[in-house]
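Novice: Provide a 3D model corresponding to the input given below.
(one chain, ligands or ions: 1)
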Amino acid sequence: MINQLSSLLLSGITDILIVEGKQKRSIEDHFDSAPGLEQNLKAKNKTNLLKLVNDTTAIGVNLFFARQPYPNGLGDAVRMAKSFVADEPFVVMLGDDLMNDQVPLTKQLINRYQEIHASILAVKRVPHENVSAYGVIDPESQVSDGLYNVRRFVEKPTIDKAPSDLAIIGRYLLTPEIFDVLDNQKPGKGGEIQLIDAIDTLNQTQRVFAHEFKGYRYDVGNKLGYVETNIEYGLTHSEIKDELKKYILILAERLKSESKTTKK
Ligand code: G1P
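Specialist: All right, here's what the predicted structure looks like:
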């Protein structure tokens, strides 16, 4: 599994705007240089740590930051990118959705765009009882394997009203016309400006397609997803993967024998 910025880089995207809420300065600081720390590590000859600090700073992308003054919804956050994007198609990536994808999902969307020249977003089949946590599509027809024409986009429907189990996950490729729609978008679910409502309106004048993602998705926006994601990352990390695997196998044995004892 690779991190968000690496997957954007692998998709050929190098100009990135991070829209952040209040109290999120640490994101900017993470990518900034840290002269004091670097000097200290150099003086103590801690070359491995120094490399880690330098690698985080020089990641080969142009990073820009914008602040969303109020938490008015995803549509409002995307609207903050209007002048950055100007008049080109662009990709939206939600920070708390991570994918275990061979070809980065953003790259998959870009490849689809080159076929269809229209907005397209990623969906994934989820258990029916979970649909209310997502935007959901009402698929009209399947154009080709995993590519859908969409009749309607619905934000967080109740289980009985969900038009399908195809949930929108945090990757979108949008044409710049979305900004005109967002400028006039009224608050929707939760009193917030919902990106999905604007996408649904855009779909009336220019087609917005859905691309089905078949890989694994981690949602670090909830506690279990956060822990799972860290374990998966650890299992691919050269320094700790072997030890971590050993630990997980031992832990699994322990949990198995504990559950046998409890059943007796
Ligand atoms: C947001 C979107 C929703 C989408 C989800 C994916 O919801 O509004 O349409 O399905 O991200 O993670 P949130 O998770 O921010 O409530």
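Novice: Just want the residue of this protein that's nearest the ligand.
Specialist: Gly135 (2.6 Å; Cβ to the nearest ligand atom). In short, each C-beta sits where N, CA and C put it, glycine included.
Novice: Do I have it right that that residue meets Val150?
Specialist: No. Using Cβ atoms under 8 Å, Gly135 makes no contact with Val150, being 11.0 Å away.
Novice: hang on, the earlier thing: the residue of the chain closest to the ligand - how many residues pack around it?
Specialist: For Gly135, the count of nearby residues is 25 (other Cβ atoms under 10 Å).
Novice: do Leu235 as well
Specialist: Neighbours around Leu235, by other Cβ under 10 Å: 14.
Novice: Torsion angles phi and psi at the closest residue to it other than its chain neighbours?
Specialist: For Leu235, ignoring the flanking residues on the chain, the nearest one in space by Cβ to Cβ, 6 or more residues apart in numbering is Lys241 at 5.4 Å. Dihedral angles of Lys241 (phi, psi; degrees, to the nearest 10) stand at phi -60, psi -40.
Novice: Next, count neighbours for Pro127.
Specialist: There are 8 residues near Pro127, going by other Cβ under 10 Å.
Novice: scratch that, Glu192
Specialist: 18.
Novice: Before we move on, what's the pLDDT of it?
Specialist: Here the pLDDT value assigned to Glu192 is 95.
Novice: same thing with Lys51?
Specialist: Residue-level pLDDT assigned to Lys51 equals 75.
Novice: Same check on Thr56?
Specialist: In the predicted model, Thr56 carries a pLDDT score of 64.
Novice: do the one 10 residues further on as well
Specialist: With respect to pLDDT, Ala66 scores 93.
Novice: Check whether it sits in a helix, strand or coil.
Specialist: strand (DSSP: H, G, I helix; E, B strand; the rest coil).
Novice: State the phi and psi torsions of Lys214.
Specialist: In terms of degrees, to the nearest 10, the main-chain angles of Lys214 are phi -100, psi -10.
Novice: I'd guessed it sits against Val123; true?
Specialist: No. Using Cβ under 8 Å, Lys214 is not in contact with Val123, being 10.7 Å away.
Novice: between those two, who's got more neighbours?
Specialist: The neighbour comparison of Lys214 against Val123 (other Cβ under 10 Å) goes to Val123, with 27 against 9.
Novice: Just to be sure, the more buried one is in a strand?
Specialist: Yes. Counting by three-state DSSP, Val123 falls inside a strand.
Novice: Now do the contacts for it.
Specialist: Val123 makes contact with 137, 148, 166-169, 210-213, according to Cβ atoms under 8 Å, 6 or more residues apart in numbering.
Novice: Which pair of those spans the longest distance?
Specialist: Greatest spatial distance in the contacts of Val123: Tyr148 and Ile169, 13.9 Å, computed using Cβ to Cβ.
Novice: for the one helix or strand in the chain whose mean pLDDT sits lowest, packing partners?
Specialist: None of the helices or strands of the chain scores lower by mean pLDDT, DSSP states H and E than helix 47-57, at a mean of 73. Here helix 47-57 touches helix 25-31, helix 35-43, going by 3 or more Cβ pairs under 8 Å, 6 or more residues apart in numbering; DSSP states H and E.
Novice: Kind regards, and thank you for your time.
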